[in-house]
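>>> Give me a model of this one.
(2 chains)
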There are 2 protein chains.
Amino acid sequence: MINKMSKKYVYDFEEGDPKNKALFGGKGAGLALMTQAGLPVPPGFTITTDACRDFFQQRKQEIDEIVKQLEKGVPPQVRDELIKKLWGIIDTLSLPAGLMDEVREHMKKLEMKRGRKFGDKNNPLLVSVRSGAPVSMPGMMDTVLNLGLNDETVKGLAQQTNNERFAYDSYRRFLQLYGKIVLGIDDKKFDETLNKIKQKYNAKNDIDLDTNALKELVEEYKKIIREEKGEFIQDYWYQLEMAIKAVFRSWMNPRAIFYRIANKITPEIAGCTAVTVQSMVFGNMGMDSGTGVVFSRNVATGENEIYGEFLPNAQGEDVVAGIRTPMHISDLKERFPSLYQDLYKNLKMLEKVNKDVQDVEFTVEKGKLFFLQTRDAKMTPLARVKTAVDMAKEGILTKEEAILKVKPEHVLQLLYPKVDETSAPKPIAKGLAASPGAVYGQVVFDPDDAVEWAKRGKEVILVRVETKPDDVHGFYAAKGILTSRGGMTSHAAVVARGIGKTAVVGAEEIQIDYEKKEFRVNGVVIKEGDIITIDGNTGNVYLGKVPTVQPKVGGELQELLTWADQVRVLKVKANADVPEDARIAREYGAEGIGLLRIERMFRRPERLEKLRKVILSETTEERTAAMEELSEMIKKDFKEMLSIMDGLPVTIRLIDPPLHEFLPKPEELLRQIYEAKMSGASEDKIKDLEKLYKKVEALVEANPMMGHRGVRVGITFPEVYRGLTRAILEAQAELIKEGKNPIVQIMIPQVAIADEIKFVKEKAILPTAEEIQKKYEIKLNFKIGTMIETVRGAITADEIAKNVEFFSFGTNDLTQATFSFSRDDVENKFLPKYLELEILKNNPFEVIDEKGVGELVKIAVQKGRSVNPNIEIGVCGEHGGDPTSIEFFHKIGGIDYVSASPFRILVARLAAAHAAIKNKKSL
Amino acid sequence: MINKMSKKYVYDFEEGDPKNKALFGGKGAGLALMTQAGLPVPPGFTITTDACRDFFQQRKQEIDEIVKQLEKGVPPQVRDELIKKLWGIIDTLSLPAGLMDEVREHMKKLEMKRGRKFGDKNNPLLVSVRSGAPVSMPGMMDTVLNLGLNDETVKGLAQQTNNERFAYDSYRRFLQLYGKIVLGIDDKKFDETLNKIKQKYNAKNDIDLDTNALKELVEEYKKIIREEKGEFIQDYWYQLEMAIKAVFRSWMNPRAIFYRIANKITPEIAGCTAVTVQSMVFGNMGMDSGTGVVFSRNVATGENEIYGEFLPNAQGEDVVAGIRTPMHISDLKERFPSLYQDLYKNLKMLEKVNKDVQDVEFTVEKGKLFFLQTRDAKMTPLARVKTAVDMAKEGILTKEEAILKVKPEHVLQLLYPKVDETSAPKPIAKGLAASPGAVYGQVVFDPDDAVEWAKRGKEVILVRVETKPDDVHGFYAAKGILTSRGGMTSHAAVVARGIGKTAVVGAEEIQIDYEKKEFRVNGVVIKEGDIITIDGNTGNVYLGKVPTVQPKVGGELQELLTWADQVRVLKVKANADVPEDARIAREYGAEGIGLLRIERMFRRPERLEKLRKVILSETTEERTAAMEELSEMIKKDFKEMLSIMDGLPVTIRLIDPPLHEFLPKPEELLRQIYEAKMSGASEDKIKDLEKLYKKVEALVEANPMMGHRGVRVGITFPEVYRGLTRAILEAQAELIKEGKNPIVQIMIPQVAIADEIKFVKEKAILPTAEEIQKKYEIKLNFKIGTMIETVRGAITADEIAKNVEFFSFGTNDLTQATFSFSRDDVENKFLPKYLELEILKNNPFEVIDEKGVGELVKIAVQKGRSVNPNIEIGVCGEHGGDPTSIEFFHKIGGIDYVSASPFRILVARLAAAHAAIKNKKSL
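Here you go, the predicted model:
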């Protein structure tokens, strides 16, 4: 027994605070809102998240430990055991003291409001018991409908509604849900029995079952319960208590846990679930009844049209499960015009109040409309952008609010490729365009297989008849999802949109055979492992890999980004090494190149060979000569890059990686030597190999990341930096002569000591520039700057700043040095463990470590600016494209720009705007 | 022409400031002191170091560049060319404007004082022109004696002294010095001619040459000059000007440059040389004349007795060059008792004024004593310690001044091994015990060979007849020096003592044959490469390697260290991994073990094998089992270490290095596989090797220094940390049961995140301790602390400090991470270049980098103490034994102790005292 807190746990919809989602959950808050706004809502009450927290509090530590283990993604057997154990623990928990007393009181009020009585044999009150968390987790937790039915009250329901078939239909639904959700019986058992009865009564659909069939089904269901868990207990108060517990428990089901991990919903944000107890209205009372889901705008395209589906003579679960294909919401307009008008008006009202597109569940009971739930809609990024911009124009949102509506990461999905229609590909099937993008991959039929194949580096398309919450891990592993059944609000569609995966659903022509691991469509057989392309923009399915194109940035996205540009403080540049990247970067609005890595220019064999010569030279003369040739080779690359970025600054980093990265691996050479020996190769060949091996061996480093690289090479071999400088500045000189405006920034990497910069400036860069100015009879203008990527560089940034015109934080290397984590090693070896144990909250190579690395960045910015107030400061590590990190860089102040990979330019532009808006707010 | 500054360049000894060595040089200041104290000093004047600086200023940049190149230690040909170039540049320099005018004025005063006239044909004034730098560089720079002689004045000198032989002896000396020093003619040419004349006149020694012989020698010398450099210019003013320039120039001779580098005399400290022009007195006027060097105490033993040598009928150069073996200073007592008394009295006066043992040059001219130079004596560390303590007891020094007299590094030499007399070895020869220590090595006869052999890792003894300044590079390379000629103040003896090399000099029995590369002694032939042992404590020379023993700390050293302990603030602990080290540490006064590295316990084959099993285990069970066995094996080592340190804290670091360090190298395995294949080994053997290879390959890390190591292993494999903890704490428990007082501190390495500590405490250390307490029915008491050796650890020291009882800075790793320098790689590959280019002033792995690493240490101390004021903080990197670094650690405050290798404990104790005294002073 836990002490009754002085808390109130239960609130009628009339008393709940619509703004307090943390306490009432999304569903509870929405119902309070709708009730208080006068919408037709079946009366009910909400049990707060406090009650849920107090429920778990009893054995919190044990539960937390198991959850942590589950988070690891243990093998299925272990997982099942852990869940069993977890649920065993939860089974021992009692509801917080006093809760059921409060529930009883509120049930009494409910009885008064509905004029029915809970458990009454003549006029029974039925309720739904539903979950509702502060953060929306659609379909992840459990619901029990039609509670209040037993062998007696079912008769009362029949009498009350004058519809025996309906009563038994409701009862069999209740028994199945109760059996599954509350008692934990495998759903298959019920489904199999249902199918058996359907066969027996020759019914195609469940709506075709008559009263007798349903009565038999009820008896069969009770039998299942008896066999599995003992006699079905008829006491409806007991059932209610059990259902409330079950909903609490469902907070901890593996689906919900997995969803929270995948969506980075931390315990602090997640809170716990509230429970809504609501009097039932029935969509299954005939063809003038039904249940539906409607969005206040099109959640796929963003068009301003209400949009959704309606399934006649059905209860809520049927729509989501995609069991029958529903009708489009517009059909409702004809069938129930005034109901449609009501729906429309109220939807728009809710949208305005909630300042977002709404996702509403409703039920029609004998022609009367009831609202069961409203929540902010999940949509495709396309729709997210369009609705945000439209709503700003309509005055529902301010521009800044509109910007904040669009998560920076989601913009990435707008850049998903589209099928190149110029190649006129022929689809083999067509379904609904449920989630955008055009992707190809190898077909798999099982979510576990999707995970396995993805682990092996394969790109897969998960193909299913329909999907269930238990399949979600497969969604994350797959590039796209294809189903043969279900509509735009089916599970597959909703989840795919939510996590940004391409999906085509309801492609009814295809016939899937799980056993054979194949599907057939129009005579074609596609087997596991075959490649298909699915187009989530059109719903088309193609055989093989179909050419795709990169979409342009236009329309509402362009508009939103323009607003973002107006509000953001940080500039956005691109990390781009090759012309293709530079072109994309420029198109996506990069304000220059923040990092051009010369290294990628050495990938061509003739250049790599020359570079090896540079590295293996034994004299300065030899090295200088080889470097000059290499310099000539790469000059044209610089010209091309500078041309593309004409008029915008291009920051070129002098060579940075450990030199041996460009050499063959010693082990490989050793193998070659022995293979040569064993195959009886000539003495000369073996000698040559041995000579090369010795040279390469001599260059091997114990810790190359902290070895002979970056500026250190510029100091030991200034001729190398001279050659690189020559290539860059001659490119600039030639472009100037051609009338162009190339803006060059030369960046020195790995600096730890101010004098390193002095040396390479004086011994390599400046004299080379001097020569080139003479040679071309031209005045060159370029900046010299440095990476801040060693810890010492950051700590002595004041000394360094005196010698440069710009800083660029190399946060990847800085993170390595700060943690003493070699990225190559830790990401495989122990970082996953650290994340699992929550020793680290995030991978510090993805999200900036504010306390450690961030502190160094702060120190360096402050010290750098203190001696050189006009120094330009940027960030060119991977963190430059990460929204959380961008917010940090904005907040600390003094940073001018971030530089991100070309595809993340839009993300960065938007994230920078978010940071500016949020920071303004917090001031 | 440079503008005449408004400076005064020239000062009579009467006007010079005895305290201003920077301006007057050591010699100039000493002469001013003695003159002003009324000692008999031949009058003269000093040209300041300002003049020298202004002289070089004219082409400073070019000169500096060449000097930097010379500092590299280029090959002989390059070196010679560079010197040629350097001297070519210097030859173009003119003396600062107005300098010679001032010199002429002061020469006039000098003529008045001596009643002689410069260049006078009847009564000529002769002068010496000598160098004198602010920091003593004995024998490194040049001197010209007897200047003022030419074909005319030599006759005047003969007339003046009524001693023609003396006049020509002086003239030939002048010609030789002038030819060599001023004109740069190879000295050999003069020596060969001297030998020819000696043969011709059948003279054994140069004192046996008569006037005619000397006249002929003069003519021959002039001929040499004519042939080499053109007619000898008789103009004495020209000669004087040239001599002053030559002395300036000698500041830049390679010997001087090399000496400054070797002794870390930076340009800021070094300054430039002053020039002293002093009227000559003559030790070569007969057997009642002579020249000597005397120390106010014994510079080898420190005994309070004046000590030195006197060479009758000779000039200064003869003593230092060791041409004839001089008489002991005590012989002077009998021959010139009052002179001896004067000498003694004045020496003691100078000692008191200068607060240090004095090294005095004097000349006796026809029975009259003249002081030519006084300076602080260089001595053996033994003498340094004894004289400092004695002088403190005599009231000349305070205790703190006495402590500051002894350089911490020099104490190391007091710990030099001694020959183990119990083994009763038989010496093959005996010389003078010139510089202490007993060392063995292979015989080499050439300084260049010494360098070469040392490079190849050989230990060598340099054997020479006598040594010259040009041989000094060989001293640094050799472990000891043996000469067959020369006394305690000979070049070999002085230099060896100065740089702390063991030396035996004047072992006259041995006959060296440079040609054959061998020496003979009493019928034994010792060839190049043969091993000998020399004992610088006794002067004995032994064949082969003779057993040595480690000296105890006692006598004055003990006294001095006790004073040091009273004044120092930092405690001193030891880095010790094995019992032998622990014993030494305790004997040398370590206040505990600051770092015990478990790793060394795994060197034994059976343990290494077990550890490999731990590393290669595939399951936790397998690993746990192997670890438990290993734990049992190492427990006894902990018991032994804790017993030795009974009552003192022992800080044990849990395993730290990358795991693969304990595995065979993959390349080695690959070789074995191929060799097995080629030799037709069995399939099974090859398969086993291949399996091992695969496993080892999988563990290879790109940057092991930043990989899976330290606490990260404790987190991924808590069973490993549990096993180690078990071994440590069971050892402690068993010792407690035995009535001992083991004090255990467990230290966690590589921490970057506070939660790492929490995890290993909760999952490994504390539960294991709990088990052991139960098992032994005992209450354990131990501290848990952490290394601060990652940058993030330092920056988040406040969070970390909440979880530990002590910090220990691992400044080696911290330096690596701060610079992003992998020590394994940089020390060979580019650090030498950085030091050469002065991008780094010191090797940061030897001397703490104050601006970078030091700043992190400061931050961490401050943050750590802010949340945990009583936390114990130490330093256990190599810097813990480096005096400069120790001073830094003292200065920043908040650090409790340093931990150094056992042999550096005394150094650290003394350095800590120095730091405390200096810091007090600077307050």
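>>> three-state assignment of A:Phe519?
strand (DSSP: H, G, I helix; E, B strand; the rest coil).
>>> And the residue lying closest to it once chain neighbours are set aside, how close does it get to A:Asp530?
Once flanking residues are discounted, A:Phe519 sits nearest to A:Ile512: 4.5 Å by C-beta to C-beta, 6 or more residues apart in numbering or on different chains. C-betas here are computed from N, CA, C, even on glycine. Computed as C-beta to C-beta, to the nearest Å, the A:Ile512 to A:Asp530 distance reads 13 Å.
>>> OK, now which residue of the stretch 251-400 of chain A is nearest to chain B?
Going by C-beta to the nearest C-beta, chain B is nearest to A:Thr266 of the stretch 251-400 of chain A, at 15.4 Å.
>>> same deal with the stretch 551-700 of chain A?
For the stretch 551-700 of chain A, C-beta to the nearest C-beta, closest residue to chain B: A:Tyr674, 3.9 Å.
>>> how about low-confidence regions in chain A?
A:1-6, A:72-73, A:317-323, A:498, A:828, A:921-923 (pLDDT under 70).
>>> So which bits of the helix or strand harbouring A:Ala256 are buried?
Using DSSP states H and E, A:Ala256 sits in helix A:254-262. Buried residues in helix A:254-262, counted by 16 or more other C-beta atoms under 10 Å in any protein chain shown: A:254-260.
>>> if we look at chain B, which of those residues are close to it?
Applying C-beta under 8 Å from any C-beta of the partner chain, the subset of these adjacent to chain B is empty.
>>> which among these gets closest to A:His473?
Minimum distance to A:His473 across the buried residues of helix A:254-262 is 6.5 Å, recorded for A:Phe258 (C-beta to C-beta).
>>> Give me the distance between that closest one and A:Asp471.
A:Phe258 is 11 Å from A:Asp471, by C-beta to C-beta.
>>> One more: A:Ile873?
From A:Ile873 to A:Asp471 the distance is 47 Å (C-beta to C-beta).
>>> returning to what we had before: ok, and the closest non-adjacent residue to the residue of the stretch 551-700 of chain A closest to chain B?
Nearest to A:Tyr674 is B:Tyr674, by C-beta to C-beta, 6+ apart, at 3.9 Å.
>>> Packing partners of the helix or strand that neighbour falls within?
Here B:Tyr674, judged by DSSP H and E, is contained in helix B:666-678. If you count contacts as 3 or more C-beta pairs under 8 Å, 6 or more residues apart in numbering or on different chains; DSSP states H and E, helix B:666-678 packs onto helix A:666-678, helix B:683-699.
>>> now the angle between helix B:666-678 and the shortest one, please.
Between helix A:666-678 and helix B:666-678, the angle formed by their directions is 10 degrees, by axes from the mean of the first three to the mean of the last three C-alpha atoms, to 10 degrees.
>>> Pull out the buried positions in helix A:666-678.
A:666, A:669-670, A:672-674, A:676.
>>> cool, stretch A:138-157 as well?
A:138-150, A:153-157.
>>> residues in contact with the residue nearest to the spatial centre of chain A?
Chain A has A:Ile499 as the residue nearest its centroid, 4.7 Å off, counting by C-alpha atoms, centre = their mean. Contacts for A:Ile499 were tallied using C-beta atoms under 8 Å, 6 or more residues apart in numbering or on different chains; they are A:262-263, A:475-476.
>>> Show the buried residues in those.
A:263, A:475.
>>> Please dump the contacts of A:Ile499 into TSV; it should also carry distance to A:Ala434 for every row.
Converted to TSV, these look like this (distance: C-beta to C-beta, whole Å):
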residue	distance to A:Ala434
A:Ala262	19
A:Asn263	19
A:Phe475	12
A:Tyr476	17
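>>> Given the helix or strand encompassing A:Ile512, what are its sheet partners and their directions?
Using DSSP H and E, A:Ile512 falls within strand A:511-513. Here strand A:511-513 is paired, per DSSP bridges, with strand A:518-521 (antiparallel).
>>> Return the distance of the partner strand from the chain's centre.
Taking C-alpha atoms, centre = their mean, to the nearest Å, the mean C-alpha location of strand A:518-521 is offset from the chain mean by 30 Å.
>>> Using PDB, write down the CA coordinates of it.
The C-alpha trace of strand A:518-521 is given here as PDB (Å, rounded to 0.1, in the frame of the first residue of the first chain):
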ATOM      1  CA  GLU A 518       7.800 -13.600 -52.800                       C
ATOM      2  CA  PHE A 519       5.100 -11.500 -54.200                       C
ATOM      3  CA  ARG A 520       3.200 -11.600 -57.500                       C
ATOM      4  CA  VAL A 521       1.800  -8.700 -59.500                       C
END
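>>> List the buried residues of it.
Those would be A:518-519, A:521, for strand A:518-521 by 16+ other C-beta under 10 Å.
>>> Quickly name whichever of those is closest to chain B.
A:Glu518 (36.6 Å).
>>> and the gap between the closest one and A:Ile526?
Distance from A:Glu518 to A:Ile526, by C-beta to C-beta: 6 Å.
>>> Same question for A:Asp798.
64 Å.
>>> Name the residue in those two with the higher neighbour count.
A:Ile526 (22 against 18; other C-beta atoms under 10 Å in any protein chain shown).
>>> Just say helix, strand or coil for that one.
strand.
>>> Once you drop chain neighbours, what's closest to it?
Per C-beta to C-beta, 6+ apart, closest to A:Ile526 is A:Phe519, 5.3 Å.
>>> residues contacting A:His890?
A:His890 touches A:569-570, A:912, A:915-916, A:919, counting by C-beta under 8 Å, 6+ apart.
>>> oh sorry, the question was meant for A:Glu683
Contacts of A:Glu683 by C-beta under 8 Å, 6+ apart: none found.
>>> now do A:Thr266
Contacts of A:Thr266 (C-beta under 8 Å, 6+ apart): A:260, A:841.
>>> go on, A:Gly290?
A:283, A:310-314, A:363-364.
>>> mind checking how far A:Gln61 is from chain B?
13 Å (C-beta to the nearest C-beta, to the nearest Å).
>>> Pretty sure that residue sits in a helix.
Yes. Applying three-state DSSP, one finds A:Gln61 inside a helix.
>>> I'd like to know how far it sits from B:Arg116.
103 Å.
>>> and these two? which has more neighbours close in?
B:Arg116 (20 against 7).
>>> pretty sure the more buried one is touching B:Asn123, no?
Yes. The criterion here is C-beta atoms under 8 Å, and B:Arg116 meets it with B:Asn123 at 5.1 Å.
>>> Can you pull the residues that touch both of the two?
B:Gln160.
>>> Is chain B within reach of stretch A:830-850?
Yes. Contact between stretch A:830-850 and chain B is present through A:830, A:833-834, A:837-840, A:849 (criterion: C-beta under 8 Å from any C-beta).
>>> What lies in contact with that stretch?
A:68, A:71-72, A:266, A:811-812, A:815, A:818-819, A:821, A:823, A:827, A:852-854, A:857, A:878-879, A:882, A:884-885, A:888-889, B:708, B:712, B:715-716, B:753, B:755-756, B:759, B:792.
>>> which of those are buried?
A:71-72, A:811-812, A:815, A:818-819, A:821, A:823, A:852-854, A:857, A:878-879, A:882, A:885, A:888-889, B:708, B:712, B:715-716, B:753, B:755-756, B:759, B:792.
>>> Among those residues, which ones are in helices?
A:71, A:811-812, A:815, A:818-819, A:823, A:857, A:885, A:888-889, B:712, B:715-716, B:755-756, B:759, B:792 (DSSP state H).
>>> Where is the longest helix in chain A?
Per DSSP H, chain A has its longest helix at helix A:620-644.
>>> so A:Gly139, which of the three states?
coil.
>>> show me what contacts it?
Counting by C-beta under 8 Å, 6+ apart, A:Gly139 has contacts A:320, A:469, A:491, A:494-495.
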